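Student: sequence and predicted structure, then a few things I'm wondering about:
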Amino acid sequence: MESKKHTFKYKGEFSLESGRSIEGFHLTYTTIGTISATKDNVVWIFQAMTANSNPAEWWPGMVGEGKFFDPEKYFIICVNTPGSCYGSIGPLDINPKTNKPYYRNFPFFTPLDMAKGYEILRVHLGIEEIFLGIGSSLGGQQLIAWAAMSPELFKYIVPISTNAFQSPWGKAFNASQRMCIEADSTWYEERPDGGMEGMKVARAVALLSYRSYDTYEKTQQDSKESIENFKSESYQRYQGEKLSKRFNAFSYYMLSKSLDSHHLGRGLFEAEELLQKIKSKCLVIGITSDLLFPINEQRFLAAHIPGSKLEIIESIYGHDGFLLEDKTLSTLLENFIEKI
């Protein structure tokens, strides 16, 4: 079934957790399938850091005809994350106060800010209940933030490889990537390709947290005769070049700040208290080899969301396992929803 891309524009002032505000914003979102007469078949998929709003493109094992998220059954919505470069408001958009692109001055959104923006879109669309919300990494942070903010909105939630607050370990990885970008002198120039060489290095650093020792053992082995030009080195360079063809350093930098800013317990309540308010039926999924969001972070979510179930996927593919272990993930989702 054909996907449809839309743009939602909000014209009011929007306050951010950072204390800054923005005069209006726009969100690009994709819909796949047809909403039912009672609007009870809505699935909201939250994208990870560098994906776009069409999950059929970056999650083909899960979204599409005959897949778990079949558009013949569900009305699928995915919003491009604010700060990205795939249609929603981002650093290369014009700042109305200066009539120039934001670049480094972009007022990045926290996951809670993102959730508040999606709530405005949800009301605009006239959706009163979301059947299922699912997301991993930054996408999972957005899901958890929204579910805690609106405890009865989702019937089911499935946070994968994510957390209630960003760890010092995760912040260190992201800070290291930002340092790579900052070391590129063009980062300080107001041009769309500023910081690009730095971003390539940042992506190589990121991959070390997205994969695992066993991933490289399986896919990047060299001949015992090799003394240089190793497969893993070529792979790291290739991944940086690959991302540079579809992303920009400003979005990459700001979205890493969005990840690091995540803390469900900011403000009046502790994270545990807000998790305990969630009324959705919850399946928390972790991946054994995930270095970036280790299993203890998913155990924390499952321990504090009432009645939640924890499933752990055995995989060598690290944090990116959620994109590759589609058969296991589909089985877990089928069992979870059918049993309830």
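Tutor: Nice, thanks for sending it over.
Student: for the closest residue to residue 182 other than its chain neighbours, helix, strand, or coil?
Tutor: Sequence neighbours aside, residue 198 is the residue nearest to residue 182 in space, at 6.9 Å (criterion: C-beta to C-beta, 6 or more residues apart in numbering). All C-beta atoms are positioned from the backbone trio N, CA, C, and that covers glycine. Secondary structure state of residue 198, per DSSP: H, G, I helix; E, B strand; the rest coil, is helix.
Student: just list the residues touching residue 198, thanks.
Tutor: Residue 198 is in contact with 180, 181, 182, 183, 184, 186, 187, 249, counting by C-beta atoms under 8 Å, 6 or more residues apart in numbering.
Student: now do 7 Å
Tutor: 180, 181, 182, 183, 184, 187, 249 (C-beta atoms under 7 Å, 6 or more residues apart in numbering).
Student: now swap in residue 69 and tell me
Tutor: Contacts of residue 69 (C-beta under 7 Å, 6+ apart): 43, 62, 63, 76.
Student: now do the residue lying closest to it once chain neighbours are set aside against residue 174, distance only.
Tutor: The shortest distance from residue 69 to any non-neighbouring residue, by C-beta to C-beta, 6+ apart, is to residue 63 (4.5 Å). As judged by C-beta to C-beta, to the nearest Å, residue 63 and residue 174 stand 27 Å apart.
Student: same question, residue 184
Tutor: Taking C-beta to C-beta, one finds residue 184 at 16 Å from residue 174.
Student: average model confidence for the helix or strand encompassing residue 241?
Tutor: In this structure, residue 241 sits in helix 231-244 according to DSSP states H and E. Averaging the model's pLDDT scores along helix 231-244 yields 96.
Student: contacts for that helix?
Tutor: 50, 196, 199, 200, 201, 203, 204, 207, 216, 220, 221, 222.
Student: do you know how far residue 31 is from residue 124?
Tutor: 13 Å.
Student: repeat that for residue 213.
Tutor: Distance of residue 213 to residue 124, computed by C-beta to C-beta: 46 Å.
Student: tell me where the protein has strands.
Tutor: With strands called from DSSP state E, the chain shows them at 3-15, 21-32, 42-46, 75-79, 94-95, 100-101, 130-136, 154-160, 281-287, 309-313.
Student: what angle do the third one and strand 130-136 make?
Tutor: Yep, that's strand 42-46 we're talking about. Counting by axes from the mean of the first three to the mean of the last three C-alpha atoms, to 10 degrees, strand 42-46 lies at 20 degrees to strand 130-136.
Student: one step back: show the buried residues in the contacts of helix 231-244.
Tutor: 50, 196, 199, 200, 201, 203, 204, 207, 216 (16 or more other C-beta atoms under 10 Å).
Student: next, give me the two most distant ones among the residues you listed.
Tutor: 196 and 216 (25.5 Å; C-beta to C-beta).
Student: so how many other residues sit close to the closest residue to residue 75 other than its chain neighbours?
Tutor: Nearest residue to residue 75, sequence neighbours excluded (C-beta to C-beta, 6+ apart): residue 35, at 4.0 Å. Other residues within reach of residue 35, judged by other C-beta atoms under 10 Å, total 17.
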